[in-house]
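okay, structure incoming, though there's no sequence with it:
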């Protein structure tokens, strides 16, 4: 038995909550995973996991062993990286998750630079506005907009999202133009709701110390940024979206900015990753690269009084 491999498999089974998911994450046969755990328990003369046909749970001895395995494998990775070329040229498969709009509009166009620096990394980029469970789904790191709900993850703030209020010319021709946030309840909005909680996000506006928060009336609410943009373009109502998505549409005359004297709260952007993977060279270089990209991109830089994080940002998924 390869003891280090068995320890890695044990960690994956505990993190994933079962043998099947761990086997999928490690791309190993389920029988191999099961055999390694049995061999590990036999060598230790200790039961690490309680198994039923539907559930796997960790024993008290297993929990203590798990913590030691995490530290040992982290030390092994650090030693290997310090003595090999991976620090300069990391390689291997890297699984990243990011909101659809951030991925398509900002991250993917910048990836040629990333691959020029790190040609030996194979990137699997999941694009979804659904907040994934990094450990359960075997994701190395994720980009998220909003305050973080999982305190067990390591997070690095890398920028902010700025918002604009807009509508299509067709909507404005039919319904008129709001001149003040207090006019909005008489209009139709397109709302965005949390894929995690189902909660619809309020709209907020600030000007010269005055702050207004509105539960916007709407006939439609969406939880995907591309669908949200399409609803605005279709004239279904007023939208409040990120600057980087709306600016090109305004320039093309497809959308019209509203209430430009009012600012909406910015939303912080974080890169998050599990603590037991923080020493991985490929994760480290991606985090550094994406942090540098967002920090220097005009659409995600901190600006003046918008430098403070949003008080409304309490969810892990990004708004549109």
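Done, it's in. Note that the coordinates shown come from a computational prediction; the quantities given were computed from them, not determined experimentally.

just checking, which helix or strand of the chain averages the lowest pLDDT?
Across the helices and strands of the chain, mean pLDDT, DSSP states H and E gives its lowest value to helix 60-83, namely a mean of 83.

quick check: next helix or strand after that one?
strand 92-98 (DSSP states H and E).

packing partners of that next one?
Using 3 or more C-beta pairs under 8 Å, 6 or more residues apart in numbering; DSSP states H and E, the elements in contact with strand 92-98 are strand 121-127, strand 141-145, helix 281-296. No exception for glycine: its C-beta is placed from N, CA and C like everyone else's.

if we can go back for a sec, pull out the buried positions in the least confident helix or strand of the chain.
For helix 60-83, a neighbour-count test (16 or more other C-beta atoms under 10 Å) marks 62, 65-66, 69-70, 73-74, 77, 81 as buried.

quick revisit: any idea which of the helices and strands packed on strand 92-98 is most buried?
strand 141-145 (a mean of 26; mean count of other C-beta atoms under 10 Å).

per-domain residue ranges of this structure.
Structural domains assigned to the chain are 3-83, 86-161+267-307, 163-258, following automatic domain parsing.

of these, which shows the lowest average pLDDT?
Mean pLDDT values for the domains of the chain show the minimum at domain 86-161+267-307, a mean of 81.

so how far is the least confident helix or strand of the chain from its chain's centroid?
26 Å (C-alpha atoms, centre = their mean, to the nearest Å).

what's the angle from that helix to helix 281-296?
Angle, helix 60-83 to helix 281-296, by axes from the mean of the first three to the mean of the last three C-alpha atoms, to 10 degrees: 70 degrees.

just checking, what packs against helix 60-83?
Going by 3+ C-beta pairs under 8 Å, 6+ apart, helix 60-83 lies up against helix 3-16.

show residues contacting the helix it packs on.
19, 22, 25-26, 28, 33, 36-37, 39-40, 43, 48-49, 56, 58, 62, 65-66, 69-70, 72-73, 76, 135-136, 138, 274, 276 (C-beta atoms under 8 Å, 6 or more residues apart in numbering).

in helices, which of the residues you listed appear?
19, 22, 25-26, 33, 36-37, 39-40, 43, 62, 65-66, 69-70, 72-73, 76 (DSSP state H).

please list all residues in contact with the residue of the chain most remote from its centre.
What lies farthest from the middle of the chain is residue 45; by C-alpha atoms, centre = their mean that is 40.7 Å. Listed by C-beta under 8 Å, 6+ apart, residue 45 has no contact partners.

same check, this time on the one 4 residues further on
The contact partners of residue 49, by C-beta under 8 Å, 6+ apart, come to 13-14, 37, 41, 56-59, 62.

kindly reformat the helices and strands packed on strand 92-98 as TSV containing distance to residue 91.
Output for those, formatted as TSV (distance: least, C-beta to C-beta, whole Å):
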stretch	distance to residue 91
strand 121-127	6
strand 141-145	16
helix 281-296	7
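
quick check: which of these is nearest to residue 220?
Distance to residue 220, taken as C-beta to C-beta, is lowest for strand 141-145 among the helices and strands packed on strand 92-98, at 21.4 Å.

parallel or antiparallel, list what pairs with the closest one.
strand 92-98 (parallel), strand 267-273 (antiparallel) (DSSP bridges).

just to revisit the earlier point, quick check: angle from the least confident helix or strand of the chain to helix 3-16?
Angle of helix 60-83 versus helix 3-16, following the same axes, to 10 degrees, is 120 degrees.

for residue 124, state which of the buried residues of helix 60-83 is nearest.
residue 77 (19.9 Å).
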